[in-house]
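*Asks:* based on what follows, work out the 3D shape:
(one chain, ligands or ions: 1)
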Amino acid sequence: MDEANISQSFRRITAPLPQSPGIEDPLPTYLTYFVDSRFTTSQRNRIHRLAIGIFFQLDRYHLDRDIGVDSPLKQCTAKYARFNLAPVWFVDKVANGNVAVDVMMNGLTRAFAANGFGRAFRAFITHPGTTTPPMAIRGTNASDPDRSSLSVTINPRTLSRIDLDDSTLTGSLLHSWMHRLGYRHASGRYNSYLIAEAAMCLMRGNNKKQPGVPEADIPNS
Ligand SMILES: [Zn+2]
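*Replies:* Numbers count the residues shown, from 1 in each chain. Okay, here's the model as predicted:
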């Protein structure tokens, strides 16, 4: 076997980060991640749109906060999140969903800065290959936004599903990145957990839950 067959190759991608107002330390120009070459071009393009979708939510949060307003994602998440409001490394008590979203957005901002400035480990977007794929996107548990990578594994079949819109998959990516930031849920339980409710809000376009409409199951990782 030659070496090319044993070491999987990755393509380096840079995604422009928003320069939002009100961030203490300005964000770097780009988030950098490495995409497994086994993904197709269209799959790679979709991964890019999902990352940009999260940047958009973060930017909207900062823009709204700057004028004293809660962003749609913050309003939605604060309404439904009750459990595990703080990441595992957070020592203070988080009083409510509103504070929880502020801590979450601060964690995301720190993680993006750590990535872009090269303080964190490299972010690899991995294809499952012959291993069992996640339902959509899986991020293993990590707990240091200033050092942990934003690496995730993505199911290529799910990524190519045209019946799932970008918002749905962006929610799944947020869920996976929140695992990397130190957020957890109880095994197999999602309802009312911050890490899942934030993702499900994105999937619903930050709209309220509708009676009779089942919860999204796609963030389940
Ligand atoms: Zn999960």
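*Asks:* tell me where this protein is predicted with low confidence.
*Replies:* Applying pLDDT under 70 to the chain picks out residues 1-7, 216-221.
*Asks:* all strands for it, in order.
*Replies:* Listed in chain order, the strands found in the chain under DSSP state E are 10-16, 30-36, 123-126, 137-138, 152-154.
*Asks:* any idea how far residue 104 is from the nearest residue to residue 184 once chain neighbours are set aside?
*Replies:* The shortest distance from residue 184 to any residue that is not its chain neighbour, by Cβ to Cβ, 6 or more residues apart in numbering, is 5.7 Å, and that residue is residue 84. No exception for glycine: its C-beta is placed from N, CA and C like everyone else's. Between residue 84 and residue 104 the distance is 11 Å, computed by Cβ to Cβ, to the nearest Å.
*Asks:* ok, residue 110 next?
*Replies:* Relative to residue 104, and taking Cβ to Cβ, residue 110 is found at 11 Å.
*Asks:* related to what we said a few turns ago, hey, what's in contact with both of residue 84 and residue 104?
*Replies:* For the pair residue 84 and residue 104, residues contacting each of them under the criterion Cβ atoms under 8 Å, 6 or more residues apart in numbering are 183, 194.
*Asks:* tell me which of the two has more neighbours.
*Replies:* The residue with the greater number of neighbours, taking residue 84 and residue 104 and applying other Cβ atoms under 10 Å, is residue 104; the counts read 29 against 19.
*Asks:* residue contacts, that one?
*Replies:* For residue 104, the contacting residues are 77, 87, 178, 181, 183, 194, 198, taking Cβ under 8 Å, 6+ apart as the criterion.
*Asks:* the fifth one: what's it in contact with?
*Replies:* Listed by Cβ under 8 Å, 6+ apart, the contact set of residue 183 reads 84, 87, 88, 104, 194, 195.
*Asks:* of these, just say which sits nearest to residue 29.
*Replies:* The shortest separation between residue 29 and any of the contacts of residue 183 is 23.2 Å, and it belongs to residue 104 (by Cβ to Cβ).
*Asks:* give me the distance between that closest one and residue 175.
*Replies:* Applying Cβ to Cβ, the value for residue 104 to residue 175 is 12 Å.
*Asks:* shared neighbours of these two, anything?
*Replies:* Between them, residue 104 and residue 175 share these contacting residues under Cβ under 8 Å, 6+ apart: residue 198.
*Asks:* for the contacts of residue 183, which one is nearest residue 159?
*Replies:* Comparing those against residue 159 with Cβ to Cβ places residue 195 closest, at 20.9 Å.
*Asks:* got the contact list for the closest one?
*Replies:* 84, 175, 178, 179, 183, 184, 185.
*Asks:* spatially central residue for the protein, please.
*Replies:* Compute the mean C-alpha point of the chain, and by Cα atoms, centre = their mean the closest residue is residue 174, 2.2 Å away.
*Asks:* about what we covered before: could you dump the strands of the chain into a markdown table with distance to residue 68 and mean neighbour count added?
*Replies:* Written out in a markdown table, the entries for the strands of the chain read as follows (distance: least, Cβ to Cβ, whole Å; neighbours: other Cβ atoms under 10 Å):
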| stretch | distance to residue 68 | mean neighbour count |
| --- | --- | --- |
| strand 10-16 | 27 | 14 |
| strand 30-36 | 28 | 19 |
| strand 123-126 | 33 | 20 |
| strand 137-138 | 34 | 24 |
| strand 152-154 | 34 | 24 |
